[in-house]
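In: need the 3D shape of this:
(2 chains)
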Amino acid sequence: MELEEALRILAAFEREGVKYVLVGSMGMAVLGVIRATRDIAVFVAPDEDNVARLRRALASVFDDPSIDEITSTDLAGDYPAIQYAPPTGDFSIDLLARLGERFRFEELESQEVIVDGISVRVATPRMLYRMKRDTVRPQDKIDASVLRERFDLEDE
Amino acid sequence: MPIRKFHSVEEMTPLPDRRPFDPENLRIAIAWSRATLALRAVKPTPGVRKFRSYEEMKARS
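Out: Sure thing, here's the model as predicted:
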């Protein structure tokens, strides 16, 4: 993954007005908890208008007709997790519309950070902790533990 | 980042925490990821894949 490529994606999100929140390892990294990753994970609002903005943003970075397969019907319906791997590069973009029954886009707490002049919206420490605590993946449990200790978070 | 040397893994102390929301954090994470991918290149299959849950996505990717 190249920094410039990741920033181009985030800049395209900003330019197209995509409603998104950076989560996952990249979200953790912004919070100062850094580990290597192979994906950029973002929560997105699954409404039709926003998913159209998302497709436009991705299409402005990658010349790839498969981007059209990302639909609001899927994200808001039976497929709330969509993974997009660009034709070039060695990373994927994980698009999430909901996480289990507990987390939906409109309920996320987020904060803005400016990176190289680009506005990046990232989940708050508390939000990331809650999301990672409640998944079954071992790596997420470890991440949750690190966030809890680092930000002195308490269970609710 | 300077090189740090230790006599054993047990001696190794963790890197100092980075300041939250420091714009440099993302840059470091991406540089670190790039180095890791160079050591073990796993190229994902290009295209769009759909999953019924986050857990399913992570289990199958």
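
In: tell me the bridge partners for the closest residue to residue A:79 other than its chain neighbours.
Out: Nearest non-adjacent residue to residue A:79, counting by C-beta to C-beta, 6 or more residues apart in numbering or on different chains: residue B:50, 3.9 Å away. The C-beta positions use only the backbone N, C-alpha and C, and glycine is treated the same way. Taking DSSP bridges, one obtains residue A:82 as the residues bridged to residue B:50.

In: and residue B:50, how far from residue A:82?
Out: Residue B:50 sits at a distance of 5 Å from residue A:82 (criterion: C-beta to C-beta, to the nearest Å).

In: higher neighbour count, these two?
Out: residue A:82 (24 against 18; other C-beta atoms under 10 Å in any protein chain shown).

In: isn't that one up against residue B:53?
Out: No - between residue A:82 and residue B:53 there is no contact under C-beta atoms under 8 Å: 11.5 Å.

In: export the biggest helix by length in chain B as CSV, just CAs?
Out: Determined from DSSP state H, the single longest helix within chain B is helix B:24-39. Extracted in CSV, the C-alpha atoms of helix B:24-39 (Å, rounded to 0.1, in the frame of the first residue of the first chain):
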residue,chain,number,x,y,z
GLU,B,24,1.9,11.6,11.1
ASN,B,25,0.3,8.4,12.5
LEU,B,26,-1.3,7.5,9.3
ARG,B,27,1.9,8.0,7.4
ILE,B,28,3.8,5.7,9.7
ALA,B,29,1.1,3.0,9.6
ILE,B,30,1.1,3.0,5.8
ALA,B,31,4.9,2.9,5.6
TRP,B,32,4.9,0.0,8.1
SER,B,33,2.2,-1.8,6.1
ARG,B,34,4.2,-1.4,2.9
ALA,B,35,7.3,-2.9,4.5
THR,B,36,5.3,-5.8,5.9
LEU,B,37,3.6,-6.5,2.5
ALA,B,38,7.1,-6.4,0.9
LEU,B,39,8.2,-9.2,3.1
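
In: what does that helix contact?
Out: If you take C-beta atoms under 8 Å, 6 or more residues apart in numbering or on different chains as the criterion, helix B:24-39 is touched by A:1-3, A:6, A:25-26, A:29-32, A:34-38, A:90-91, A:115, A:120, B:18-19.
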